[in-house]
Structures are given as structure tokens and as C-alpha cells.
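> Here is a sequence with its predicted model. Questions after.
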Amino acid sequence: MRARPRSSAERFGGPETGARGPARTDPCTVPPAVPYSKEIGRTSSVIVRKVTIMSWASWTTSGVYTGTGGVRTEEAGILSGDLTVHTTWFDGQASVAVQYSGSSDWFTLVGSPVPCPSEEESRTFHQSVVEAVRAGEGARVPPVGAEPA
């Protein structure tokens, strides 16, 4: 008698952990580009599908010293000092998180995520965020399309 095949939940520790271990809050962890398939029509017995590849991008700048007044985060309030700034662009949105350089805890910058239509604009947006952090004064996420200072 053959053994019943185990489900992925049984093999990898249950539904709360998933196939790659426990859920993490690290903003650097972005889902890989996965093909998305949508049925767009049928011809007799053939199903015609349109496949869209989702894309994402991320940028990290470390050693960013905040100006007087620091930056405002959702979880911890005001942070100031030597920070690492991380921007992730995925599915038309840019998310920004900061951490004390060398730390493992990430904090969401107030105003994040923001709509951002393209990867190119998200790169410019990341630079705007870095400049806002350097300016301090309780910096929040600047609007997309704002020129870096």
C-alpha cells in the first residue's frame, strides 16, 4: 500500500508558515515575478490565455543621516540619526520603509504606500524620499513626481 502524498502545508509546517517558512515583515522580501494567467476566450476545445508577467523593483540607500526633526514612521513615531531607506515598487505602488542602519527592524514611513505608475518613476521617487529624510523636519513620504532636492 502506498503512502498518501503529503500536502505542502504538512511538508512545510502548516498553513501559517507557508512554503518558505514563517511570514516576515522584512520589506526587502518581495514576491517573485509570477506569471498571471487570465482566460480571454475559447475556440472549440482550445482555451486561449493571456499571460502577464508582474514586475517589481526595489532600491536601498544606507548611511542616510536625518536632518533636525528626523522622519515620521507609522510604528515608532519619529526616528533620527543614521538610517537605511528602502523603496519597493510592485503592482503600481511604491512602499517606503526605514531602519536604523545595522538594525533588523523596519518601520513604514508615514504616507506609504503611494501610487506610482512605473519602475522609472519609482527610482526617482526613491531619491526624493532619501532627500526628504536628509532634510528631516518630521519628513513623510513626498508626492510621486516631486523632484529630488
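Arrived safely.
> Start from the N-terminal end of the chain and give the strands.
Using DSSP state E, the strands found in the chain span residues 35-43, 46-53, 56-65, 71-73, 77-79, 82-90, 93-100, 107-108, 114-115.
> comparing these, which gets the lowest mean pLDDT score?
In terms of mean pLDDT, the lowest-scoring of these is strand 35-43 (a mean of 50).
> Not counting sequence-adjacent ones, nearest residue to Arg134?
Spatial nearest neighbour of Arg134, chain neighbours left out: Gly67 (5.8 Å); criterion: CB to CB, 6 or more residues apart in numbering. Any C-beta I mention is one placed from the backbone N, CA and C, and that applies to glycine too.
> what's that neighbour in contact with, if anything?
Shown in contact with Gly67 (CB atoms under 8 Å, 6 or more residues apart in numbering): 133-137, 139.
> repeat that for 7 Å
By CB atoms under 7 Å, 6 or more residues apart in numbering, the contact set of Gly67 is 134-137.
> Quick one: those as TSV, columns for pLDDT and distance to Ser80 too.
Shown next, in TSV, are the contacts of Gly67 (pLDDT from 0 to 100; distance: CB to CB, whole Å):
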residue	pLDDT	distance to Ser80
Arg134	95	12
Ala135	94	12
Gly136	93	7
Glu137	92	11
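> possible to save the residues you listed as a markdown table with distance to Thr87 and neighbour count?
Converted to a markdown table, the contacts of Gly67 look like this (distance: CB to CB, whole Å; neighbours: other CB atoms under 10 Å):
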| residue | distance to Thr87 | neighbour count |
| --- | --- | --- |
| Arg134 | 15 | 17 |
| Ala135 | 17 | 16 |
| Gly136 | 18 | 16 |
| Glu137 | 20 | 13 |
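> Which of the residues you listed fall in helices?
134-135 (DSSP state H).
> If we only consider the contacts of Gly67, which is nearest to Val110?
Of all the contacts of Gly67, Val110 sits closest to Glu137, with 12.7 Å by CB to CB.
> where's that closest one relative to Val71, distance?
9 Å (CB to CB, to the nearest Å).
> Now for Ser80, how many residues are close by?
16 (other CB atoms under 10 Å).
> Now do the contacts for it.
66, 70.
> pLDDT at the residue nearest to Arg134, what is it?
Gly67 carries a pLDDT value of 94.
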